[in-house]
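Colleague: can't give you the sequence, but here's the structure:
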């Protein structure tokens with residue numbers, strides 16, 4: 001519950017995306033003009049189209065950029081050190097933790113998306129497993 005007596009609401013679209021990714025059925029949404037977006041949205045952020053369809057997420061992508069985190073936010077205190085990366089999956093990019101030694105992550109490394117849990121709070125998050 002929130003402080004005003006209302007129940008807090010999860011991000012249903014993202015939660016559904018995580019469930020699909022965990023089942024090996026990751027997807028992104030794509031409009032008729034070919035613009036892809038993640039997290040799932042109701043309207044294309046590029047052209048405003050509401051005509052969206054789910055498109056299978058490629059099985060692997062390449063690390064486009066990354067950050068090595070040694071001093072984390074409190075919600076990730078027990079996870080450090082770790083690497084957060086932006087991974088290019090063609091029409092979309094996805095951010096998550098790379099499940100590899102910090103020194104083994106580099107731009108262009110091929111990874112596969114999955115769902116993991118934080119060490120600190122057990123929250124679900126997008127993770128990338130090296131290929």
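Modeller: Done, it's in. All values reported here derive from a predicted model rather than from experimental measurement.
Colleague: what sits against residue 21?
Modeller: 57, 113-115, 126 (Cβ atoms under 8 Å, 6 or more residues apart in numbering). (C-beta placed from N, C-alpha, C; glycine too.)
Colleague: Present these as JSON lines; the columns should include neighbour count.
Modeller: Shown next, in JSON lines, are these (neighbours: other Cβ atoms under 10 Å):
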{"residue": "57", "neighbour count": "22"}
{"residue": "113", "neighbour count": "21"}
{"residue": "114", "neighbour count": "15"}
{"residue": "115", "neighbour count": "17"}
{"residue": "126", "neighbour count": "23"}
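Colleague: Check the burial of residue 60 by counting its neighbours.
Modeller: 15 (other Cβ atoms under 10 Å).
Colleague: doesn't residue 66 make contact with residue 86?
Modeller: Yes: counting by Cβ atoms under 8 Å, residue 66 is a contact partner of residue 86 at 7.2 Å.
Colleague: which one of those two has more residues nearby?
Modeller: Neighbours were counted for residue 86 and for residue 66 using other Cβ under 10 Å; residue 66 has more, 20 against 14.
Colleague: How about the secondary structure of residue 58?
Modeller: coil (DSSP: H, G, I helix; E, B strand; the rest coil).
Colleague: how deep is it tucked in, by neighbour count?
Modeller: 15.
Colleague: Test for you: state the pLDDT assigned to it.
Modeller: With respect to pLDDT, residue 58 has a value of 95.
Colleague: would you say residue 13 is within a helix?
Modeller: Yes: assessed by three-state DSSP, residue 13 belongs to a helix.
Colleague: distance of it from residue 37?
Modeller: According to Cβ to Cβ, to the nearest Å, residue 13 stands 11 Å off from residue 37.
Colleague: Kindly report the same for residue 97.
Modeller: For residue 97 relative to residue 37 (Cβ to Cβ), the value is 21 Å.
Colleague: before we move on, what about residue 121?
Modeller: 27 Å.
Colleague: More neighbours: which of these two?
Modeller: With neighbours defined as other Cβ under 10 Å, residue 121 and residue 37 compare such that residue 37 has more, 18 against 12.
Colleague: residues in contact with that one?
Modeller: Contacts of residue 37 (Cβ under 8 Å, 6+ apart): 28-30, 44-46, 92.
Colleague: Sounds good, over and out.
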